[in-house]
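Visitor: Based on what follows, work out the 3D shape:
(2 chains)
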Amino acid sequence: VVALTPRLAFAKPEEVKAEIDKLYGAREMTTGKLKLDMPEIAENGLVVPINIEVESPMTEADYVKSVSVFAEGNPFPRVLTYRFTPACGRAAASLRMRLAQTQNVIAVAETSTGQLYTARSEVKVTIGGCGG
Amino acid sequence: MATKTSARVRVPPKAKKDEIIEVKTLVSHEMESGVRKDASGKIVPRDIINTFTAAFNGAVVFEADWFPSISANPYQAFFFKAKESGEFTFTWKDDNGQETTAKAKLEVA
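Guide: Reported below is the predicted structural model:
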């Protein structure tokens, strides 16, 4: 019955974990090199700025291949995936996202050498930005 | 989406060789999440831009897959290391197959 009803529930931390395991396998991740910069409090959940930056030489031999972002309290766990190339020079990007409620946002970066980095940001949302 | 999308990009017109420049893009799109209900209580079908691609002189340099959590009128900024003069082509594709493109020239001294 649950599977047939339209999906209006919010993602859960376990769903984000399952999505990360599906994309990266249960591989070891370290913190520190990936920065996920978001406001602590978002007054408007419709447009919450995110800045992502990964420390990397961005050379052909060692660069950041991808960064994915996940939201623990939105209707869908996946937010985005970036694919970088050495031509970027810097593995950094910024955009604006929706947050339906106060929640954790999680980012995972993968380098061309197979390293995985992760970062997490908790954002308190005053006015939610999903559904409507 | 019935309305035509339009895109704006900001790239510095000139850069020194090996200078890392920031590329800023903005495209108009409702980014209908597929979870919102209309006045009659029916779910409005999902229609989002799902892919953004930036190429320089024909080679893809940066790509983004977007999901419904991306805000309406998506803004995307990223970086690029200037090596030679040329032209960027930016492409946004939505769920209905509509494509929006924009171009920007870069001169490397």
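
Visitor: which residues of chain B fall in strands?
Guide: With DSSP state E as the criterion, chain B has strands at B:7-10, B:14-15, B:20-27, B:49-56, B:59-66, B:75-81, B:86-94, B:99-108.

Visitor: so which of those strands comes closest to residue A:47?
Guide: Smallest distance to residue A:47 across those (Cβ to Cβ): 8.7 Å, for strand B:75-81. Backbone N, C-alpha and C define where each C-beta goes, glycine included.

Visitor: buried stuff in the closest one?
Guide: For strand B:75-81, the buried set under the neighbour-count rule, 16 or more other Cβ atoms under 10 Å in any protein chain shown, comprises B:75-76, B:78-81.

Visitor: Repeat that for stretch A:94-110.
Guide: Buried positions in stretch A:94-110, judged by neighbour count with 16+ other Cβ under 10 Å: A:94-103, A:105-110.

Visitor: Off-centre distance for it?
Guide: 5 Å (Cα atoms, centre = their mean, to the nearest Å).

Visitor: re the thing from before, show me which of the buried residues of strand B:75-81 neighbour chain A.
Guide: Checking these against chain A by Cβ under 8 Å from any Cβ of the partner chain, the ones in range are B:75-76, B:78-81.

Visitor: Where does pLDDT dip in chain B?
Guide: B:1-4 (pLDDT under 70).

Visitor: ok so, going back, quick one: which of the strands of chain B is nearest residue A:19?
Guide: Using Cβ to Cβ, the nearest of these to residue A:19 is strand B:59-66, at 13.1 Å.

Visitor: Mind checking which of the buried residues of stretch A:94-110 land in helices?
Guide: Judged by DSSP state H, the buried residues of stretch A:94-110 include no members of helices.

Visitor: got the contact list for the residue of chain A found nearest chain B?
Guide: Per Cβ to the nearest Cβ, the residue of chain A with the smallest distance to chain B is residue A:89, at 3.0 Å. Contact partners of residue A:89, counting by Cβ atoms under 8 Å, 6 or more residues apart in numbering or on different chains, are A:58, B:20, B:79-81.

Visitor: Quick check: closest non-adjacent residue to the single nearest residue of chain B relative to chain A.
Guide: Chain A sits closest to residue B:81 of chain B, with a gap of 3.0 Å, by Cβ to the nearest Cβ. Closest residue to residue B:81 apart from its sequence neighbours, by Cβ to Cβ, 6 or more residues apart in numbering or on different chains: residue A:89 at 3.0 Å.

Visitor: so where's the longest strand in chain A?
Guide: strand A:116-127.

Visitor: on contacts alone, who are the packing partners of that strand?
Guide: Applying 3 or more Cβ pairs under 8 Å, 6 or more residues apart in numbering or on different chains; DSSP states H and E, one finds that strand A:116-127 contacts strand A:34-37, strand A:41-44, strand A:48-54, strand A:103-111.

Visitor: quick one: contacts of the longest one?
Guide: Pointing back at strand A:103-111 there. Residues contacting strand A:103-111 (Cβ under 8 Å, 6+ apart): A:13, A:16, A:20, A:23-24, A:29, A:33-34, A:36, A:38, A:50, A:52, A:54, A:56, A:62-74, A:79, A:91, A:97, A:99, A:116-123, A:125.

Visitor: List the beta-bridge partners for the closest residue to residue B:58 other than its chain neighbours.
Guide: Among residues not flanking residue B:58 along the chain, residue B:89 sits closest, at 7.8 Å (Cβ to Cβ, 6+ apart). Beta-bridge partners of residue B:89, counted by DSSP bridges, are residue B:55, residue B:103.

Visitor: neighbours of residue B:89, just the number please.
Guide: The number of residues packed near residue B:89 is 16, by other Cβ atoms under 10 Å in any protein chain shown.

Visitor: Was I right to think it contacts residue B:103?
Guide: Yes: counting by Cβ atoms under 8 Å, residue B:103 is a contact partner of residue B:89 at 5.5 Å.
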